[in-house]
Every structure is written in C-alpha cells, then in structure tokens.
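Engineer: sharing a model prediction with you, sequence too.
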Amino acid sequence: MLLRAILAPGRRLASVLVEAKLGEYQSFVARLGGDQRRVIVRIAGLISALMSLVNAEEGLARKYTRKSGTEVACGGSLNENALTAAHKQLPCGSRARVTNRRNGKSVLVTINDRGPFVPGRVIDLTPAAARAIGMSDLAHVSVASE
C-alpha cells in the first residue's frame with residue numbers, strides 16, 4: 001500500500017513522505033507480517049541513502065595541520081588526532097561522511113572549524129581523518145551530512 005503510493009504516477013516522493021505521519025507509519029508497520037516488515041525497512045533504508053546522496057557535494061579535500069593555526073572556529077584548539085574537519089556551511093558540531101572517490105574509503109567527521117576558503121576545495125580534514133580515507137595531501141572526495 002505504501003509502496004504503491006510512492007510509485008503512483010504523478011506523485012512526488014517528498015510529498016508522499018510528508019503526508020505519512022510517524023504515528024500512522026508505526027501503526028502501518030505494526031500490522032505487517034515479518035516479510036512485509038523487512039521489505040518496508042529496506043525501502044526506508046534505500047530512501048534514506050538516496051536522500052543523503054542528493055545532499056552530497058563533491059570537490060577537493062586537503063589535510064590541514066597546526067601550521068594553519070591552533071584555534072578552531074567552533075571553539076577549542078585543533079586536535080590533529082581527532083576525526084574532525086573544517087567546512088564552510090555545515091553547522092559546528094554536525095557530522096559528515098567524507099568518501100575518498102579514488103579508493104571508496106570513508107570516514108565520519110565532526111565539523112569543528114570553518115573553511116576551506118579556496119575555490120574547488122569543499123573540506124579540510126585533520127591528519128587522522130585524512131589517514132582514515134587513505135589520503136596524503138589532496139584528494140577528490142564526496143561530503144554528505146549525516
């Protein structure tokens with residue numbers, strides 16, 4: 001029923017999801033059998049993954065160190081061993097998945113600084129985060145907020 005509504009011609013996925021209130025969804029899932037529940041959970045996971053791809057941005061990432069400064073814009077000092085990053089627009093404290101497009105490795109980082117302010121670069125990573133995705137200095141990455 002929900003799948004049929006999502007796939008109905010002329011219906012936009014976003015409008016269907018907005019119409020489905022949480023309580024109604026939980027009630028709907030509770031009435032389903034085990035196999036149907038698994039299908040709905042997989043569909044929800046697929047929708048979530050697709051939405052995160054829509055919000056992803058691509059560009060260059062650079063590794064940054066204390067040479068760039070020791071203070072971070074969101075408060076505190078730079079910890080080169082933490083999985084953190086600098087981003088121009090994502091809110092301080094938010095998390096983002098950074099994926100190295102060359103090798104497919106990804107890391108979940110916390111945004112704690114602003115930048116990079118260089119055309120073509122979308123994010124600066126601490127050395128620990130850069131190591132986690134197999135990056136030496138610069139890499140082509142995709143960034144998706146989580």
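Structural biologist: Right, received. Where do you want to start? Numbers count the residues shown, from 1 in each chain.
Engineer: show me where this protein has its helices.
Structural biologist: 2-7, 13-19, 22-31, 34-54, 127-132 (DSSP state H).
Engineer: domain ranges for this protein?
Structural biologist: The chain breaks down into these domains under automatic domain parsing: 2-54, 57-145.
Engineer: okay, those in a markdown table with mean pLDDT and mean neighbour count next?
Structural biologist: All C-beta atoms are positioned from the backbone trio N, CA, C, and that covers glycine. Shown next, in a markdown table, are the domains of the chain (pLDDT from 0 to 100; neighbours: other Cβ atoms under 10 Å):
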| stretch | mean pLDDT | mean neighbour count |
| --- | --- | --- |
| domain 2-54 | 60 | 11 |
| domain 57-145 | 92 | 17 |
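Engineer: Ala61 against Ala139, yeah?
Structural biologist: Yes: using Cβ atoms under 8 Å, Ala61 is in contact with Ala139, at 5.3 Å.
Engineer: so what's in contact with the two at the same time?
Structural biologist: Taking Cβ atoms under 8 Å, 6 or more residues apart in numbering as the contact rule, Ala61 and Ala139 both touch Ala130.
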